[in-house]
Each structure stands twice: as structure tokens, then as C-alpha cells.
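**Q** here is my input; please provide its structure:
(chains A, B, C, D, E and F)
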4 protein chains.
Amino acid sequence: MSRDSFSKGVGVRADAQRNRERILDAAEEVFTHRGTAASTEEVARLAGVAIGTVFRHFPTKDDLLAAILKRLLARLAGDAATLGGADGLHVFFRRLVEQAAAKRTVVDLAGVSVPAAVGQLGEAVGELLRQAQAAGTVRDDVRRPEVMALLVSVCQGALQGGWDVELQERTLAVIFAGLAA
Amino acid sequence: MSRDSFSKGVGVRADAQRNRERILDAAEEVFTHRGTAASTEEVARLAGVAIGTVFRHFPTKDDLLAAILKRLLARLAGDAATLGGADGLHVFFRRLVEQAAAKRTVVDLAGVSVPAAVGQLGEAVGELLRQAQAAGTVRDDVRRPEVMALLVSVCQGALQGGWDVELQERTLAVIFAGLAA
Amino acid sequence: MSRDSFSKGVGVRADAQRNRERILDAAEEVFTHRGTAASTEEVARLAGVAIGTVFRHFPTKDDLLAAILKRLLARLAGDAATLGGADGLHVFFRRLVEQAAAKRTVVDLAGVSVPAAVGQLGEAVGELLRQAQAAGTVRDDVRRPEVMALLVSVCQGALQGGWDVELQERTLAVIFAGLAA
Amino acid sequence: MSRDSFSKGVGVRADAQRNRERILDAAEEVFTHRGTAASTEEVARLAGVAIGTVFRHFPTKDDLLAAILKRLLARLAGDAATLGGADGLHVFFRRLVEQAAAKRTVVDLAGVSVPAAVGQLGEAVGELLRQAQAAGTVRDDVRRPEVMALLVSVCQGALQGGWDVELQERTLAVIFAGLAA
DNA sequence: AATGAATGAGACTTCATTCAT
DNA sequence: AATGAATGAAGTCTCATTCAT
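**A** This is a model prediction of the structure:
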């Protein structure tokens, strides 16, 4: 009956876990493209589960949104951790902006409580900043808060106007110049 | 304040105009603080009119949002027109960010049709940029599109994190450095 | 000032009367083409008066509908009075059906109180029937109520399916055969 | 009445089906007596379900109206199929008129999309006509379209004036005479 | 008598959430 | 643990009717 190699109890949990992921994936896809106003039912449909299942895993729509944001931030922090060196910060910056231009997640998620999650991202960015300053790519008096602020700002901006690649590069160029030693 | 130079037979119109303004003010207040998802009914309540009156003036919620945006942009363009000189652009930039930090309007209004209005703002910013470059405050190869992009970005960013004055200044400092000759 | 040859008081009344007619014409046009669900405001627009004027003349939408119906029936009764002879009834019948196919009035007006007005129409039809029977065109045992019923029925039917001229003729042919001696 | 031959795992469906029928019944009752302008909320009330349930089953008021019409036509076509012989057409005709006199449905439903459903009814009537002509009860040159037209007409007429049984019979008598050989 | 802005009840519809199966 | 039907509050919008000018 249970389709796992372990006991029933564990089997069920595996199922549940699988559903949880599918729901999160679907939710990211849906809210990312249609904004947070999209209906939870559409998420369920895309995830291939019934609406009740969504609410069993995330008792509230806000819980679902928060979970997406948390996962997204964790992913970004992971990305950042793989970078480093003189221009790790720059690469991360650009990468983030590219993502934001394609998705709406970060923006619309504003308002959802973002407890510790941002903390992780902040630390990762701090590390990149430290390395860039050590390499002399970034001025020494630049501090983490404004880097974070610029990061968030440009991401938000990117998904507004319909930036093309050139505009994105010219905009980043100004910021990179401002950060440069 | 101005009572108008006519007075006979235009009485009702004056009332309607007064209501129109009250509705716009209320709408700006409401949507600005709660986002565009706030209800039209709340706008009516704050404006002190019945819901039907709101819809008589703005047949659709989108019409109302568009009207707010239009008025806001006109106001900003007007502001810009009074500035100039070496650091007119910088002043305008900072002023805008301060406003955005207090309001949500600009952000959430994205998606609403923004016909010619943005045109005005773009031109005003272009003029400020020209003057700043003439005065040598801004590098010559900087062009209007990226200035607009940065402007929008930082406004968006400002109303996310809850920037304090210091963070705002440090963030703008990076951008101004990036723009500098 | 008053554009009539009599006293001011009469002048004003003439204006009001003119408005009343314009409103009735507009209402017939509007309700006839869009059904009784059309808005009173549209009637006012077509009549070229303000909505308040419509309600001054007809305190209720139902009053307006009743007035249209009354006028329509009076008109039909007048038409009938000009006919007669062996086939006056047949001509009237056909004429009515043609009208109904183009308008919706009679149908949708069902439900509105139709006090004495139908009386007039009934009498006119009764007279036509009498003459047709005198001429031997219609069977003697046919009575007014069923003629009225058939009249109403075919009018209603005509504005449903989209009858073409041929179908209308074939349908009337059956009824005329049924009435024939 | 019938409990269905399945029973496991289809429980909810049975409930839903039951509700669907209750809503259709309620809707037929309501729209039939008050016209299509009656509110969907009243339908819900009479059906004993919440308003949301009505819209879950019929996403639009028009969908609900169309469903009623479809069911009504199917029922009529079924009735017709059980008849036949020399006076099947006459019986069907009379039966339909009796129904119409009590309900408003057929009339007001005009305008709602009536896809294939009418087709079924048309065929059934065609068959009755053929049999009546074979039996010599109806003239050979009478064709289906005018029979349908008369059918519709008299139904419409019946629910206008408040026909009593006698008037109904006298009216049908004229039509039957017109159809007779 | 006319105007037209304002009113507010009520219509349709959506959607987060609950709960019987 | 999953399903999906049911719920009902809330939102947008329409329109008959009132009333100040």
C-alpha cells in the first residue's frame, strides 16, 4: 500500500513532503507570474492537489506566501555562498536583478512577515562585500545596509519598467561606479 | 481657496469638483497606506461620500487609480520644473525618495495605464540632468533612461525595508557617487 | 421670454408637455430595443433632458412603462378604427405582427398594470371581428377573447425566433384558415 | 429516490449532484414566477444553500438560466417522444400551453443560448406532425416551422393574459381548425 | 420646472477557509 | 492525510430615486 521502503508512517510522511514541495513550486510559479492576488485554488490546480491539501500544509494564504519567500531567500543565500573574490558581489548583484526582472515574487511579497530569512541573505551579502573590499573592488566606507538597500531597490525597479538588457547594464554601471574605490 | 470668477448656475459643479478632489485625496491616502487592494468603499468612507459617488466620478477602480497616478506625476513634474542648476537633479532625487518612503502609491500603481503623464516626468528629469551635466555635477555619458530607472528603483526600495534617514542618505550617496564626473 | 402666444403660465406648460412627449418617444425607443432592463438614465440621455426631469413627469419607472404601453395601445386602437370590411381583421392582424417582430415593447411590458387601455383595443378588435363575420370571412362562432389571445400570442412569438417573412405568412395562414368559415 | 449502484468514494459527488438538482429546481421556480430579473440570491435561499454554492455549480447567472432551459427542453422532448398517433401533436400542443400558462420560463429565457437543445424539441415535434399527417388529422402542406412558431406563440400568449381553461380551449380550437385537413 | 450630483440598496461574482466524506 | 463541495464575507459596480441648486 505505502509506496516507500520503510514503514507506513514514514511512507505517509514522504507523500506529504512531496506534496509540500509541489505546492511550493506551484505557488512560486503562480504568484510569481500573476502577483499575490492570484487565487489559492489556482495554486492547488497547478500542484495537482485538492484545495484542502494546500490548507492542510499552509493554514493560511499568508503562511504560503511566507514559505515561498523563505525558500527563495534561502536559495539566494545559497547562491551567494558559492561566490566570492573581487567581483563576487557584482555577479550576485547582476544575477539577482536578472531574476527579479522575470519574477514578481520579491516585490509583492512585501508585507509578508520576513523573520529570520532575510538575516541569512544579509550575512551572505556581507561576506561578498567584505571580499570585494579586501580585493579593492569596492570602497572601504561602503557598508552592508546600503548595499542591501540598493540590491532591493534595483530588483524592484527592474520588474517595473520593462528594462531591456542594455538599460539594466547602464543602470548597474552607475551603481557599480558608485561603489567603486 | 480660489472661489472662481463665476458664480451663477455653476453651483452644483463646484460641489462636484470639491467631491472629486476629496475622493482623490482619500484614495491617495487609502491606497498609499494599504496598497491597491484596499476597498473602494473605504475610500468613500474616508472621503465622506456614498459609494455611488465614487463610481460616478471614476467609473472603475482602475480609473480611480489612474487618476491618482496622473495627479501624482503631474505634481512631481511640477516640482521638478521649479528646480534646476548644479544640484537640481540631486534635490529632486532625494525629495522623491522621501515621498516614496511614506507612500506606496508609485509602486502599486504599476500596471495601471500611465499614458502621457510619465512623459512629462521624463522630460522634467531630462532637463534636470542636462543642467547638472552642464554644471559638471554629473558625468556626460549618463543618459536619461538609467537615471529614470535608478529613480524608480530607489523609490521602490525605500518603501520596502523601512529605511531611516541615515540609510537613505548612505544609499543615495552611492548613487550620486556613481553619477558624478 | 415664453415662446408661446399665451400667458407665461401656459408657456411653461407647453414646455413641459413637449418634454413629456420627448421622454415617451425616447423611452419607447430604448425599452423597445433593449428591453425593460435598460436604464432610465439612457432614456433621459436620448430624450435630451436630465434624469430629474424624467422622474418629475413619471415618478416611477413603472409609471413610465405604463405610459408607453397606454400610448401604444391607444395608437393600435386608432389604427384598427381606420380599418373595416371583409378583411380588416386580417390586415390588422398582419400589421400588428409585423410591428411586434421589430419591437419588444408589448412583450416585456407584461406585468405593468394595463388598466383601461386594453379595453379600447379590445373594442376595436371586436368591431373588426363583427365586420369580418358580417362579410362571411370569419366563422360566426369565433368570439373576441380568442381572437385577442391569438393576436397577443403571435405577436409574442414573432419577436422570439427571428421569423422571416415567409414563416410569418405560413403561420398566419394557419390561423386565418382556422378562423375562416 | 434511486440510491445509485455505487457507494464507495462517490459520497461527496452524490451530495453535489443533489445540490445541483435542488438549485435547478429552485431556479426554475423563482425565474418562472418572477422573471429572469429575480436575484440569484433568492434562488440560493429557496434551494437552501449558500450563494457560493450556486456559483460553484453555475459560474454565471446566464449559465444557470441556460441550464434551466436545457433541462426544460429535454423534458419536453422526452414528453413528446412518448406521444404519437393521430392526435399526438394536439395533445402535446395542449400540454405545452398548459405548462406555459403556469410558468414564465420559456418566454424570458429567450436570448439565452439555446444550443442543440431546441434541435431535439424540433425533431420530436416533426415526428408528431408526420404521424398526424399520416393519420389524416393535419393537412399535408403544413410544415414543421409554422407548427413550431405557433407552439411558441401560444405558449407566450398563454402566460400573458391570464387565460382560463375555456379561453385556452377556444384558442387552441382555432389553431387546430387551421391545421386540420 | 429643470438640472444633475448624491444616495444607498442590491446585484453579481470571487475567494479564503471549513468540514463532511 | 487527501478530497472537493460548501460557506459566506467582501468586493466591484449599477441604477432607481431623492434633493440641493
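
**Q** do the longest helix along chain A and chain B meet?
**A** The longest helix of chain A (DSSP state H) is helix A:8-34. No - Helix A:8-34 stays clear of chain B (C-beta under 8 Å from any C-beta of the partner chain), getting no nearer than 11.5 Å. Placement of C-beta: from N, CA and C, glycine included.

**Q** A:Phe176 and B:Ile175, how far apart?
**A** As judged by C-beta to C-beta, to the nearest Å, A:Phe176 and B:Ile175 stand 11 Å apart.

**Q** higher neighbour count, the two?
**A** More neighbours surround B:Ile175 than the other of A:Phe176 and B:Ile175, with 25 against 19 (other C-beta atoms under 10 Å in any protein chain shown).

**Q** does anything pack onto the longest helix of chain A? Which helices or strands?
**A** helix A:40-47, helix A:51-57, helix A:61-81, helix A:105-108 (3 or more C-beta pairs under 8 Å, 6 or more residues apart in numbering or on different chains; DSSP states H and E).

**Q** for those, which one ends up most surrounded?
**A** Among the helices and strands packed on helix A:8-34, the stretch with the highest mean neighbour count (mean count of other C-beta atoms under 10 Å in any protein chain shown) is helix A:105-108, at a mean of 22.

**Q** most centrally placed residue in chain A?
**A** A:Leu72 (3.1 Å; C-alpha atoms, centre = their mean).

**Q** from A:Val91, how far out is that residue?
**A** Per C-beta to C-beta, A:Leu72 is found 18 Å from A:Val91.

**Q** tell me the pLDDT of A:Ala110.
**A** The confidence metric pLDDT takes the value 46 at A:Ala110.

**Q** A:Leu65 contacts A:Ala37, doesn't it?
**A** No - counting by C-beta atoms under 8 Å, A:Leu65 does not reach A:Ala37; the two are 11.3 Å apart.

**Q** still on that earlier bit, for the residue nearest to the centre of chain A, give me the pLDDT.
**A** Looking at A:Leu72, its pLDDT stands at 85.

**Q** up against chain B, what does chain A have?
**A** A:37, A:107, A:110-111, A:142-143, A:145-146, A:148-150, A:152-154, A:156-158, A:160-161, A:163, A:167, A:170-171, A:173-179.

**Q** buried only: go through these for me.
**A** For the residues of chain A next to chain B, a burial check counting by 16 or more other C-beta atoms under 10 Å in any protein chain shown picks out A:107, A:110, A:142, A:145-146, A:148-150, A:152-154, A:156-158, A:160-161, A:163, A:167, A:170-171, A:174-179.

**Q** on that earlier part again, wait, does the longest helix of chain A contact DNA strand E?
**A** No - Helix A:8-34 lies out of reach of DNA strand E by C-beta under 7 Å from any atom of the strand, never closer than 9.3 Å.

**Q** ok, that helix near DNA strand F or not?
**A** Yes - residues of helix A:8-34 contacting DNA strand F under C-beta under 7 Å from any atom of the strand: A:Val12, A:Arg13, A:Asp15, A:Ala16, A:Asn19.

**Q** return the set of buried residues in that helix.
**A** If you call a residue buried by 16+ other C-beta under 10 Å, then helix A:8-34 has these buried ones: A:Asn19, A:Arg20, A:Arg22, A:Ile23, A:Leu24, A:Ala26, A:Ala27, A:Glu28, A:Glu29, A:Val30, A:Phe31, A:Thr32.

**Q** please apply the same query to stretch A:84-98.
**A** For stretch A:84-98, the neighbour count (16+ other C-beta under 10 Å) marks A:Gly84, A:Asp87, A:Gly88, A:Leu89, A:His90, A:Phe92, A:Phe93, A:Arg94, A:Leu96, A:Val97 as buried.

**Q** so what touches it?
**A** Here stretch A:84-98 makes contact (C-beta atoms under 8 Å, 6 or more residues apart in numbering or on different chains) with A:76, A:79-80, A:83, A:125, A:127-129, A:131-132, A:135-138, A:147, A:151, A:154-155, A:158, A:168, A:172, A:175-176.

**Q** what do you get if the cut-off is 7 Å, keeping everything else the same?
**A** With C-beta atoms under 7 Å, 6 or more residues apart in numbering or on different chains as the test, stretch A:84-98 has contacts from A:76, A:79-80, A:83, A:128-129, A:131-132, A:135, A:137-138, A:151, A:154-155, A:158, A:168, A:172, A:176.

**Q** same thing with stretch A:141-151?
**A** Residues contacting stretch A:141-151 (C-beta under 7 Å, 6+ apart): A:93, A:96, A:122, A:125-126, A:129, A:175, A:179, B:157, B:161, B:163, B:167, B:170-171, B:174.

**Q** for A:Gly84, grab phi and psi.
**A** phi 160, psi -170 (degrees, to the nearest 10).

**Q** quick check: the gap between it and D:Phe58.
**A** Counting by C-beta to C-beta, the gap from A:Gly84 to D:Phe58 is 60 Å.

**Q** hang on, the earlier thing: from the buried ones among the residues of chain A next to chain B, which land in strands?
**A** Among these, no member falls in strands (DSSP state E).

**Q** picking that back up, restricted to helices, list the residues of chain A next to chain B.
**A** Of these, the ones assigned to helices by DSSP H are A:107, A:145-146, A:148-150, A:152-154, A:156-158, A:160-161, A:167, A:170-171, A:173-179.

**Q** report the residue ranges of every domain in chain A.
**A** Per automatic domain parsing, the domain ranges recorded for chain A read A:1-59, A:69-181.

**Q** and C:Ala50, which of these is closest to it?
**A** For C:Ala50, the closest of the domains of chain A is domain A:1-59, at 39.5 Å, according to C-beta to C-beta.

**Q** tell me the mean pLDDT for that closest one?
**A** Domain A:1-59 carries an average pLDDT of 83.

**Q** chain center to it: distance?
**A** Taking C-alpha atoms, centre = their mean, to the nearest Å, one finds the center of domain A:1-59 at 19 Å from the center of the full chain.

**Q** same question, stretch A:74-90
**A** The chain centre lies 13 Å from the centre of stretch A:74-90; the measure is C-alpha atoms, centre = their mean.

**Q** then that stretch to PDB, C-alphas only?
**A** Output in PDB follows, covering the C-alpha atoms of stretch A:74-90 (Å, rounded to 0.1, in the frame of the first residue of the first chain):
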ATOM      1  CA  ALA A  74      17.400  30.600   1.400                       C
ATOM      2  CA  ARG A  75      18.100  29.800  -2.200                       C
ATOM      3  CA  LEU A  76      19.600  33.200  -2.900                       C
ATOM      4  CA  ALA A  77      21.800  32.900   0.200                       C
ATOM      5  CA  GLY A  78      23.000  29.600  -1.000                       C
ATOM      6  CA  ASP A  79      23.800  31.100  -4.400                       C
ATOM      7  CA  ALA A  80      25.800  33.900  -2.700                       C
ATOM      8  CA  ALA A  81      27.800  31.400  -0.700                       C
ATOM      9  CA  THR A  82      29.200  29.900  -3.800                       C
ATOM     10  CA  LEU A  83      30.500  33.200  -5.000                       C
ATOM     11  CA  GLY A  84      33.400  35.300  -3.700                       C
ATOM     12  CA  GLY A  85      36.500  37.100  -4.800                       C
ATOM     13  CA  ALA A  86      36.900  40.500  -6.300                       C
ATOM     14  CA  ASP A  87      33.700  40.600  -8.200                       C
ATOM     15  CA  GLY A  88      31.500  38.100  -6.400                       C
ATOM     16  CA  LEU A  89      29.300  40.900  -5.200                       C
ATOM     17  CA  HIS A  90      28.900  42.300  -8.600                       C
END
